[in-house]
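Q: Next comes the sequence, and after it the predicted model I'd like to discuss.
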Amino acid sequence: MEKKAVVIGSGIAGLASAVRLAIKGFKVEVFEANTYPGGKLSEISRSGYRFDAGPSLFTLPEEVDELFRLAGKNPEDYFVYKKLDITCQYFWEDGTRIRAFSDVHRFVKETHEQLQEPKENIYRALEKSAYMYEHLSPLFMKRSLHRFSTWVSRKAFSSYLNMGKLGIFGTMDAANRQQFQHPKLVQLFNRYATYNGSNPYQTPATLNIIPHLEFNRGAFFPVKGMHDITNSVFTLAQELGVKFHFNTPVQEILVDKGKAVGVLSTKGEHLANVVVNNMDMVNAYKTLLKKQKQPKKLLDQPKSSSALIFYWGIKKVFPELGLHNIFFSEDYRKEFEHIFAKKAIYEDPTVYINITSTHKPDDAPEGGMNWFTMINVPNDQGQDWDTLIASARKNIIAKINRILGTDISAYMEVEDILEPRSIATKTGSSQGALYGNSSNNRYAAFLRHANYSPSVKNLYFCGGSVHPGGGIPLCLLSAKIMSEMVNP
């Protein structure tokens, strides 16, 4: 007899879960409150400018490819990407500029020439990042931390023997200050804390595995834009018979005698053998599972940072800018103090500008560029956001103008804004936090919800608010971990 699975939410983890469960033989239905799939991984089009609305960095593309191979498909028939020659360009106010080449030797040479940092320090840091990834990823990224079998595996025992080298007991900043001489290089490597909405002065040094993904494994660009990740997996899911219900919010996860038996949506009851929640974990418990036992300690954990994004259509080409660009703050520590302690926005924020038209020219009219301009901000705790946003916009423009020697206001012909309140509304993220609970302590990995419910049978979880965390690769891995727990 065919079994049925219901997936709540069509973010990238929800789409991947639907694909994996369909391949396992389940009849899958996906319920999505929005009118489109993808969650944060969506797009915006305005007056000839196209913007990838959310995640802009793409690593570990094999996690996307695997979905197609599992279905017996050729990934390249659906989804094509290319490796970047330059992963990011870094700018400081004193005129220092560093190109992060994908070729490690070129990156080391560039950094040595710009900062006089000893080459051996950079090589050693990247080797250590690779070492950490080798020992930590099998536990913290690819398996459930909440199953006993994870901790008695060969990989686990190998990691136990190397605990002192894995950065578990110190902070990211402390580790980077020990690795590098130049404060600008410390700042460059500290920025990887923002990849999961954390503070480099508090988050454990285990997050120093992230540079390995960019420098040693490489960063990539989908030739049709980041939104094509959503489109391609959505297409695959449809081909596998997955049924999508858009504009159909789920109101409750139905539980009978301790077992999930389906969902109640705005269109009625839908029974299932398995229920997978891709909605933000906190909001899911507060709304869909409010009748069930609440994991209070997890729900009360501090949340990650959020983002303020300006989508600017710029009617000028700046050849010095690439796909990924960072304009660094002069005082990084103060910036993070404002975000996490003061719950405010620092007057000199680090500015990230993603410009896909540098690789996909039809994302902007001829002679123009599509600027996805973002700063890290606190999650929503009732701040006066209108005032904060107006001030931040002014400071961002002033910083860009100083570094590029221009007046970008004169070239703006399109503007749209995404901020913590609208992030919460559009994506269901609690407090507009992009990555669920923060990772600002050494136990952070253990303070994420498991990929299954400990109290409700046949209820599973995936997405950036649960294990192993936020970002495209980890969301895809959450779907993989979840699906391996489900028996057809």
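A: Everything's here; your move.
Q: Point out where the stretch 351-488 of the chain drops to low pLDDT.
A: Confidence mapping of the stretch 351-488 of the chain against pLDDT under 70 gives the ranges 441-447.
Q: where do the helices sit along it?
A: Here the stretch 351-488 of the chain has its helices, by DSSP state H, counting those that start in this stretch, at 385-404, 420-427, 472-485.
Q: before we move on, what about the stretch 101-250 of the chain?
A: Under the criterion DSSP H, counting those that start in this stretch, helices of the stretch 101-250 of the chain are mapped to 104-115, 119-140, 148-151, 154-160, 172-179, 183-190, 210-211, 227-239.
Q: Ok, which of those comes nearest V414?
A: The closest of the helices of the stretch 101-250 of the chain to V414 is helix 227-239. By Cβ to Cβ, the value is 17.4 Å. Just so you know, the C-beta spots here come from the backbone N, C-alpha and C atoms, and that holds for glycine as well.
Q: what's that closest one packed up against?
A: If you count contacts as 3 or more Cβ pairs under 8 Å, 6 or more residues apart in numbering; DSSP states H and E, helix 227-239 packs onto helix 12-23, helix 62-70, strand 243-245.
Q: closest one to Y452 among the helices of the stretch 101-250 of the chain?
A: helix 148-151 (12.9 Å).
Q: What pLDDT is listed against the closest residue to S42 other than its chain neighbours?
A: Spatial nearest neighbour of S42, chain neighbours left out: A53 (4.6 Å); criterion: Cβ to Cβ, 6 or more residues apart in numbering. pLDDT for A53: 95.
Q: Residue numbering should commence at 28 henceforth.
A: Done: numbering now begins at 28, and the last item shifts to A80.
Q: OK, contacts around A80?
A: Residues near A80 by Cβ atoms under 8 Å, 6 or more residues apart in numbering: 67-71, 254, 338, 445.
Q: now S457
A: Shown in contact with S457 (Cβ under 8 Å, 6+ apart): 307-310, 330, 451, 463, 492.
Q: measure stretch 404-413 end to end?
A: Stretch 404-413 has its terminal residues 13 Å apart, counting by Cα to Cα, to the nearest Å.
Q: who touches F345 in this structure?
A: Applying Cβ under 8 Å, 6+ apart, we find F345 in contact with 396, 431, 433.
Q: Give me the pLDDT value at it.
A: Value listed for F345 in the pLDDT field: 98.
Q: can you tell me how far it sits from G38?
A: Look at F345 and G38: by Cβ to Cβ, to the nearest Å, they are 32 Å apart.
Q: before we move on, back to that, just the helices of the stretch 378-515 of the chain: most buried one?
A: Neighbour counts (mean count of other Cβ atoms under 10 Å) averaged over each of the helices of the stretch 378-515 of the chain peak at helix 499-512, with a mean of 24.
Q: what angle do that helix and helix 254-266 make?
A: For helix 499-512 against helix 254-266, the angle by axes from the mean of the first three to the mean of the last three Cα atoms, to 10 degrees is 20 degrees.
Q: Quick one: list the elements packing against helix 499-512.
A: helix 39-50, helix 89-97, strand 486-488.
Q: Save these as a markdown table, and put in distance to E362 and mean neighbour count too.
A: Listed next are these as a markdown table, based on distance: least, Cβ to Cβ, whole Å; neighbours: other Cβ atoms under 10 Å:
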| stretch | distance to E362 | mean neighbour count |
| --- | --- | --- |
| helix 39-50 | 29 | 29 |
| helix 89-97 | 31 | 18 |
| strand 486-488 | 32 | 25 |
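Q: Could you export the ones you listed as a markdown table, including distance to D411?
A: What follows is the helices and strands packed on helix 499-512, written out as a markdown table (distance: least, Cβ to Cβ, whole Å):
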| stretch | distance to D411 |
| --- | --- |
| helix 39-50 | 33 |
| helix 89-97 | 40 |
| strand 486-488 | 34 |
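Q: hmm, back to that, please convert the helices and strands packed on helix 254-266 to TSV, extending it with distance to A334 and mean pLDDT.
A: TSV is the format used below for the helices and strands packed on helix 254-266 (distance: least, Cβ to Cβ, whole Å; pLDDT from 0 to 100):
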stretch	distance to A334	mean pLDDT
helix 39-50	17	98
helix 89-97	23	98
strand 270-272	27	98
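Q: So which bits of stretch 287-303 are buried?
A: 287-290, 292, 297, 299-303 (16 or more other Cβ atoms under 10 Å).
Q: So the closest residue to N274 other than its chain neighbours versus I256, what's the distance?
A: Nearest non-adjacent residue to N274, counting by Cβ to Cβ, 6+ apart: T62, 5.0 Å away. Distance, T62 to I256, by Cβ to Cβ: 19 Å.
Q: Comparing the two, which residue is more hemmed in?
A: Between T62 and I256, counting by other Cβ atoms under 10 Å, I256 is the more crowded of the two (25 against 8).
Q: any idea how far that one lies from V277?
A: I256 is 24 Å from V277, by Cβ to Cβ.
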